[in-house]
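> have a look; sequence and predicted model below, questions after that.
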Amino acid sequence: MALNGHLTFEKNEHAAKDFGNIYHFMPSVVLHPKSVSDISSTIKYIFEMGTSSELTVAARGHGHSLAGQAQAYQGVVINMESLREPEMSFHTGELSYVDVSAGELWINILHESLKRGLAPKSWTDYLHLTVGGTLSNAGISGQAFRHGPQINNVYQLQVVTGKGDVVTCSEELNTDLFYGVLGGLGQFGIITRARIALEPAPRMVKWIRALYSDFSIFSNDQERLISSEKSFDYIEGFVIINRTRLLTSWRSSFNPKYPLQASQFSSEGRILYCLEVAKYFNPDDSDLINQNIDTLLSELNYIQSTLFLSEVSYVDFLDRVHVSEIKLREKGLWEVPHPWINLLIPRSRIHEFAQEVFGNILADTSNGPVLIYPVNKSSWRNRTSMVTPDEDVFYLVAFLSSAIPSTTGKDALEYILTRNKRILRYCERSRLGVKQYLAHYSTQEEWKAHFGTHWEVFSRRKSTYDPLAILAPGQSIFQKAK
Ligand code: FAD
C-alpha cells in the first residue's frame, strides 16, 4: 500500500493516552497521514480483509477524550493532526466559511480567521481540540443557546467511511451520512475536511460574573437570558462549593463594580452560583455596549455587591482555559486523571437535581469546576446523531474533576469515581430524563438506553457506512465483525 505519510510501529505510547488519563490501550500501529487517500486506502485495505482481520481503526484528534474513545487496542490509530490538507481556505460573501482539515485545532482556525476579521460562531470552552474531535460529539459552550453547538455551524464535510469510500456530504448531498457523522462518535466515518460557518469577529469582550445564593433565582435569570433576543453573546455559570476566599482569588482579572461592598461579602462556606456572561463589542461601540449591559444587568437578581467586570480581547476570552492549562502544567496538575462527567438535564427537573447533587452528594468538595448553564434546543439541528433530553430547554452540568495520583481521601480517583456513580445512580433512580454528553459506556445495552428511540437509526447507519464495525472501537458501541 503506497502512502504519502508514514506508519510507526514503535514508541506509540501517546496514542494509548488521553486527557482522561484513566484508560490506556496500546495500538499496533499509528498512521500519520499526509493525504486523504492515506486514510481511505488504509481503511479499504482493512475492510477488504473482511472478518479474517481483527484490526480496528480510531481517528485520534488531539486525544482529549476522557475514557479511551480515540484509542484502538491492537488496532490502527490515525493521527489526524498530521493531515494538513486541504490548507485552510476562506470564502467571504453573503455566506462566509472556511474549509479546513478535520485534524486542525480550533485555536489555529481562530487565529487565521481573525486575520480576515472573521470567526466561527460557536465554540468549546477550550480551543486546543480538533475539528473532527468536537464535531464527532457536539461542541457546546456559552454561545450554543443562540447558534446551537458546533455541529450546527458546519455546511459540508468530507468523510472516509468504514468501507474506505471518500464521500462529500451536506444538508443537500448524502444527507443521511452528513447528519449521522455530526455527533456520531466517529462511528460512520472519519471526517477529513469540514466547511465551517463564519461571522464578522468582534475585537473585544466585556466579561462579567455575579453571584447568587439561591438556585431558583440563579436559574430563572439564566433562563430569562437565553430566551431573549437582545441578550449577552455568551451565557454560562458555575457552582461554588465550600470556598471562603473566592472573591480575593478573582481580583487579578476581574474588578468589583462595588469594591467596598465586595470586600465585605463573605460566602461563609455556603453554596454559591456564579452567573458568567459576556458581551462582544468593538472599541467604537463601547458606550452603547455599556448602556446595553446596564439594561441587561438591571433585570437580573444577583447579589448586588458581587458584580465583577473584566474587559479582554476576543482571543483572550475564547482561549481562557489555555491560561489555566499553562498554570496547571507548571504545577504538574494537567496530566492527572480526569474523571469528568457531563450531564444534560431537562429544565423541569433541574431544581431537584441541584438540591440533591450540589446540596447533598457533593457536600463539601467538587474536586474541580462544576459548570451549569441552560441551552435552548429550538435552534439546534435535530437530525444529527447527538441525543439530548426531550425538553426544549435543558441544562449542561459538567463535573470537571481532577484526581491527584497516589493520594487517598477526597482527592483520589476512586473517591471521585464512586461519587460520579452516586450522581448517575441518583439520576437514574429518580428518572430525571438525563442524557450523558461525552458518555462512556461499556455495554451495547447501555448505549441502546442512551440512544433510546434513536438507536434504530444509529445502528442502521452503522451497518450502512461501517458494516464491519472497524471505526472508533474505543467508544465500545459495536464489536468488530469476526
Ligand atoms: P479525540 O479525543 O482525539 O477524539 C474524540 C472522538 O472522536 C474519538 O472517538 C475519535 O475516534 C473521534 N474522532 C476524532 N477525530 C475524528 C475525525 N476526524 N473523524 C471522526 N472521528 C474522529 N466539549 C464541549 O463540547 N464543550 C467544551 O466546552 C469542552 N471543553 C473541554 C475542555 C477540555 C480541557 C477538554 C479536555 C475537553 C473539552 N471538551 C469540551 C470535550 C471535547 O470536545 C472532546 O473530548 C473532543 O472529542 C476532544 O477533541 P479531540 O480532538 O481531542 O478528540
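That came through fine.
> quick check: mean pLDDT across stretch 24-34?
When pLDDT is averaged over stretch 24-34, the result is 98.
> from Thr443, how far out is Ala469?
The gap separating Ala469 from Thr443 is 15 Å, by C-beta to C-beta, to the nearest Å. To be clear about C-beta, it is placed using only N, CA and C from the backbone, and glycine gets the same treatment.
> between these two, which one's more packed in?
Per other C-beta atoms under 10 Å, whichever of Ala469 and Thr443 has more neighbours is Ala469, with 18 against 10.
> now the element after the lowest-mean-pLDDT helix or strand in the chain, going C-ward?
Lowest by mean pLDDT, DSSP states H and E among the helices and strands of the chain is helix 246-249, with a mean of 56. Counting by DSSP states H and E, the element after helix 246-249 in chain order, helix or strand, is strand 255-256.
> give me the contacts around that next one.
By C-beta atoms under 8 Å, 6 or more residues apart in numbering, the list of residues contacting strand 255-256 from outside reads Leu247, Ala262, Ser263, Ser305, Thr306, Leu307, Phe308, Leu309, Ser310.
> tell me the secondary structure for the second one?
For Ala262, the assignment made with DSSP: H, G, I helix; E, B strand; the rest coil gives helix.
> count the residues that sit near it.
Ala262 is flanked by 22 other residues according to other C-beta under 10 Å.
> ok, it - contacts?
Ala262 neighbours (C-beta under 8 Å, 6+ apart): Leu247, Pro256, Ser305, Thr306, Phe308.
> at 6 Å what do you get?
Pro256, Ser305 (C-beta atoms under 6 Å, 6 or more residues apart in numbering).
> tell me the confidence at it?
82.
> now do the one 5 residues further on
At Ser267, the model reports a pLDDT of 74.
> what helix or strand does the nearest residue in space to Leu83 that is not next to it in sequence sit in?
Distances taken as C-beta to C-beta, 6 or more residues apart in numbering put Gly103 closest to Leu83, at 4.4 Å, once the chain neighbours are dropped. Using DSSP H and E, Gly103 falls within no helix or strand.
> which residues are in contact with Gly103?
Gly103 sits next to Met80, Glu81, Leu83, Thr130 when contact means C-beta under 6 Å, 6+ apart.
> how about 8 Å then?
Residues near Gly103 by C-beta under 8 Å, 6+ apart: Gly61, Asn79, Met80, Glu81, Ser82, Leu83, Arg84, Thr130, Val131, Gly132.
> distance of it from the ligand?
From Gly103 across to the ligand, the span is 7 Å (C-beta to the nearest ligand atom, to the nearest Å).
> over to Lys435?
13 Å.
> could you find the closest non-adjacent residue to that residue?
Using C-beta to C-beta, 6+ apart, the closest residue to Lys435 is Leu344 (4.6 Å).
> mind checking pLDDT for Asn79?
For Asn79, the predicted pLDDT is 98.
> who's the residue nearest to it when sequence neighbours are not counted bridged to?
Of all residues not flanking Asn79 in the chain, His32 sits nearest, at 5.0 Å (C-beta to C-beta, 6+ apart). Beta-bridge partners for His32, by DSSP bridges, are His6.
> residue contacts, His32?
His32 neighbours (C-beta under 8 Å, 6+ apart): Gly5, His6, Leu7, Thr8, Asn79, Ser82.
> equivalent analysis for His14, please.
Contacts of His14 by C-beta under 8 Å, 6+ apart are Gly63.
> could you look up the SS state of it?
Following three-state DSSP, we place His14 in the helix state.
> got a quick PyMOL command for the buried subset of the contacts of strand 255-256?
To isolate the buried ones among the contacts of strand 255-256 in PyMOL, judged by 16 or more other C-beta atoms under 10 Å, type:
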select buried, resi 247+262+305+306+307+308+310
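> take the contacts of strand 255-256 and write them to CSV, including distance to the ligand.
Output for the contacts of strand 255-256, formatted as CSV (distance: C-beta to the nearest ligand atom, whole Å):
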residue, distance to the ligand
Leu247, 25
Ala262, 28
Ser263, 32
Ser305, 30
Thr306, 24
Leu307, 25
Phe308, 21
Leu309, 23
Ser310, 19
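> contact residues of this protein facing the ligand?
Counting by C-beta under 6 Å from any ligand atom, the positions of the chain adjacent to the ligand are 18-19, 58-65, 69-70, 80, 102, 124-126, 129-130, 132-134, 136-141, 185-186, 190-191, 321, 438, 472, 474-475.
> quick check: ChimeraX command selecting the buried ones in the residues you listed.
Per 16+ other C-beta under 10 Å, the buried members of these correspond to this ChimeraX selection:
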select :18,19,58,59,60,61,62,63,64,65,69,70,80,102,124,125,126,129,130,132,133,134,136,137,138,139,140,141,185,186,190,191,438,472,474,475
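> which of the residues of the chain next to the ligand fall within helices?
Residues of the residues of the chain next to the ligand located in helices (DSSP state H): Gly132, Gly133, Thr134, Val321.
> closest one of the contacts of strand 255-256 to Leu413?
Relative to Leu413, the closest of the contacts of strand 255-256 is Leu247; by C-beta to C-beta it sits at 31.0 Å.
> so, low pLDDT: which residues of the stretch 1-150 of the chain?
Low-confidence segments of the stretch 1-150 of the chain, defined by pLDDT under 70, are absent.
> which parts of the stretch 351-482 of the chain are strands?
370-376, 393-399, 435-437 (DSSP state E, counting those that start in this stretch).
> domain assignment for this structure?
6-79+461-475, 89-200, 204-325, 336-440 (automatic domain parsing).
> next one: the second one to chain centre, how far?
For domain 89-200, the gap between its own C-alpha mean and the chain's C-alpha mean amounts to 13 Å (C-alpha atoms, centre = their mean, to the nearest Å).
> so how far is the ligand from the residue nearest to Leu307 when sequence neighbours are not counted?
Excluding the flanking residues, the one nearest Leu307 by C-beta to C-beta, 6+ apart is Lys257, at 4.2 Å. Remark: distance between Lys257 and the ligand (C-beta to the nearest ligand atom) = 27 Å.
> in the stretch 151-300 of the chain, which residue sits nearest the ligand?
For the stretch 151-300 of the chain, the residue closest to the ligand is Gly186, as judged by C-beta to the nearest ligand atom, at 3.2 Å.
> who's in contact with that residue?
Counting by C-beta under 8 Å, 6+ apart, Gly186 has contacts Ala58, Ala59, Gln69, Ala70, Ser136, Leu471, Ala472, Gln475.
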